[in-house]
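K.L.:
could you work out the structure for the sequence below:
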Amino acid sequence: MSRRDRRTGAGSAAASPVTVTVCRGCCCGTQAKHPGVDHAGQYERLRTAVGSAGRVRAVNCLDVCTQSNVVVVGPSSEGRAAGGRPVWLGFVLMDEMIDDIAAWVHAGGPGLADPPGLLDLQLISVSRRVRESLAD
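P.N.:
I've put the predicted structure just below:
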């Protein structure tokens, strides 16, 4: 048993993985706003690349339409304990960004690893109202 397993308990229900929330509402994920982007393909690519290292979910709207496509990378319970907080990314339109998000999840996500590649250029700031509307 690794030190991590002893600390959280192997298979502990209390431990939560890195969660990647992908906006797929009124603007994000639509051909009308971003023609030429394979939104469904990117979502499946992200789910496949993240695999069992985290959880990927789609939500209807994150209310940051001016910066679509929006993705939020939430820390694991271990990352949150280390000070990690959800990181909001905007304009996630290229496959390379999807690959970087998946690599970040595999590296531990917020609180445990810095965002790879050019993801730091995708960081967006959102209002407290918007942040709080995204339930953990």
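K.L.:
where does the protein have low pLDDT?
P.N.:
1-14, 134-136 (pLDDT under 70).
K.L.:
all the strands of it, in order from the start?
P.N.:
Listed in chain order, the strands of the chain (DSSP state E) span 18-23, 54-59, 71-74, 87-89.
K.L.:
next, the buried residues of the second one.
P.N.:
Of the residues in strand 54-59, those buried under the neighbour-count criterion (16 or more other CB atoms under 10 Å) are 54-56, 59. Glycine gets a C-beta too; all of them are placed from N, C-alpha and C.
K.L.:
returning to what we had before: in JSON lines: the strands of the chain, plus distance to residue 126.
P.N.:
Formatted as JSON lines, the strands of the chain follow (distance: least, CB to CB, whole Å):
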{"stretch": "strand 18-23", "distance to residue 126": "11"}
{"stretch": "strand 54-59", "distance to residue 126": "14"}
{"stretch": "strand 71-74", "distance to residue 126": "9"}
{"stretch": "strand 87-89", "distance to residue 126": "5"}
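K.L.:
which of these sits closest to residue 131?
P.N.:
strand 87-89 (7.7 Å; CB to CB).
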